[in-house]
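K.L.:
What follows is a predicted structure for the sequence shown.
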Amino acid sequence: MGMYRPFTRQHNYFDRGLNDMVYLLPRMFPTPRHDNVGIYQVGSGSAVPFSVLMVDAIPDLHVTGAGSGGQFFPRWTWESVGAETLDLGGEGEVVDDYRRIDNITDASLSRFQAAYGSDWTKDDVFYCCYGLLHSPDYRATYAADLRKVLPRIPLLTDPGDARAFADAGRRLSELHLGYESVEPYPLDGLEVDGPTGDAAYDFFAVGAKKMRFGDNGKDRSLLHYNDRMTLSGIPEEAHRYQLGSRSAIEWIIDRYYIKSDKASGIVNDPNDWSREVGDPRYILDLIARIVAVSMNTMEAVDGLPPLAIRDEQK
């Protein structure tokens with residue numbers, strides 16, 4: 001399984017005989033049985049604004065669109081037991097002949113514990129980074145650097161602030177990884193009586209035209225889903241959650257419509273996914289779920305403490 005674009009999962013062929021460039025991904029997702037999570041970030045020098053997204057599937061190079069070739073920072077690396085490897089070391093858990101190596105080093109943990117307290121864990125370090133990378137203050141302070149180099153994670157003045165960033169990062173991770181199970185936002189038009197059985201898939205299907213906002217795109221509180229359904233009541237606040245050059249809602253609009261490739265004739269029909277997961281309403285409810293994810297994301301981001309960096313880290 002791969003994450004092609006934000007909140008858009010797709011099956012992918014992942015095999016060295018089929019893929020020209022796989023980079024280090026086989027060490028991050030060696031087989032479907034070896035789980036991982038990580039932070040995808042818009043790459044330095046990209047044409048789109050900086051953003052990050054936690055994903056738990058093989059990320060496309062351009063998760064946030066063309067011109068945004070990014071990088072992926074996994075929580076773990078999987079090392080084949082007994083084979084010639086990078087010799088990553090460690091005594092991690094072994095699952096189906098692969099050893100799981102923690103990418104948060106002991107030295108990094110010691111640095112955070114010295115700054116914030118001995119109760120900090122490697123997970124706390126990981127989620128603190130995710131929370132900090134969402135901070136508007138951080139993005140503004142290091143805007144020039146983020147366009148040229150990888151993010152740097154400074155130590156903060158107040159251990160309480162650091163804990164707040166870690167807690168927020170954990171909450172954001174839960175939202176962004178679990179977007180398919182988030183309670184849908186109560187949009188008007190979401191509760192619609194449709195047919196049952198196989199006919200429901202056609203009723204709730206998206207068409208060859210993209211979903212569109214009302215009043216020729218001027219009214220972003222209203223979304224024309226298909227010829228039969230319109231959703232309204234989308235809060236303006238939800239559009240503040242941006243991933244690259246689009247809001248999360250706009251990413252769903254951009255990907256969930258029937259598209260034919262002129263050169264190959266291949267048809268990409270997202271309604272097939274609804275059938276695969278056995279849910280005729282999958283795409284309709286996904287819109288409402290992403291609205292909820294967007295609202296909760298911005299609530300968490302707005303609740304982050306001001307960025308106060310230790311003098312020696314400035």
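P.N.:
Yep, that arrived. Residues are numbered from 1 along each chain as shown.
K.L.:
What mean pLDDT does stretch 143-152 get?
P.N.:
Across stretch 143-152, pLDDT averages out at 91.
K.L.:
how far is it from where the chain is centred?
P.N.:
20 Å (CA atoms, centre = their mean, to the nearest Å).
K.L.:
do the same with stretch 24-38
P.N.:
With CA atoms, centre = their mean, you get 16 Å for stretch 24-38.
K.L.:
residues of that stretch that come out buried?
P.N.:
25-30, 34, 36-38 (16 or more other CB atoms under 10 Å). Any C-beta I mention is one placed from the backbone N, CA and C, and that applies to glycine too.
K.L.:
likewise stretch 187-203?
P.N.:
For stretch 187-203, by 16+ other CB under 10 Å, it's 187, 190, 201, 203.
K.L.:
Could you pull out the helices in this structure for me?
P.N.:
25-28, 106-116, 122-133, 136-141, 143-146, 159-177, 199-203, 248-255, 271-277, 282-302 (DSSP state H).
K.L.:
Can you lay out the ones you listed as CSV showing distance to L231?
P.N.:
Compiled in CSV, the helices of the chain are given as follows (distance: least, CB to CB, whole Å):
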stretch, distance to L231
helix 25-28, 36
helix 106-116, 43
helix 122-133, 30
helix 136-141, 29
helix 143-146, 34
helix 159-177, 20
helix 199-203, 15
helix 248-255, 10
helix 271-277, 17
helix 282-302, 6
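K.L.:
With respect to P235, which of those lies nearest?
P.N.:
helix 282-302 (6.5 Å; CB to CB).
K.L.:
what's the offset of the closest one from the middle of its chain?
P.N.:
Using CA atoms, centre = their mean, the offset of helix 282-302 from its chain centre is 12 Å.
K.L.:
Stretch 223-243 too?
P.N.:
On CA atoms, centre = their mean, the centre of stretch 223-243 falls 19 Å from that of its chain.
K.L.:
Throw the buried residues of stretch 187-203 into a markdown table and include pLDDT and distance to A238, thanks.
P.N.:
Shown next, in a markdown table, are the buried residues of stretch 187-203 (pLDDT from 0 to 100; distance: CB to CB, whole Å):
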| residue | pLDDT | distance to A238 |
| --- | --- | --- |
| L187 | 98 | 10 |
| L190 | 96 | 14 |
| Y201 | 97 | 27 |
| F203 | 96 | 26 |
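K.L.:
quick one: buried residues of stretch 126-133?
P.N.:
126-133.
K.L.:
and what of stretch 265-277?
P.N.:
Buried residues in stretch 265-277 (16+ other CB under 10 Å): 270-271, 273-274.
K.L.:
For the residue nearest to S247 when sequence neighbours are not counted, list the residues it contacts.
P.N.:
In space, and not counting its chain neighbours, S247 is closest to H239: 4.7 Å by CB to CB, 6 or more residues apart in numbering. For H239, the contacting residues are 220, 247, 249-250, 294, by CB atoms under 8 Å, 6 or more residues apart in numbering.
K.L.:
go with 7 Å
P.N.:
220, 247, 249 (CB atoms under 7 Å, 6 or more residues apart in numbering).
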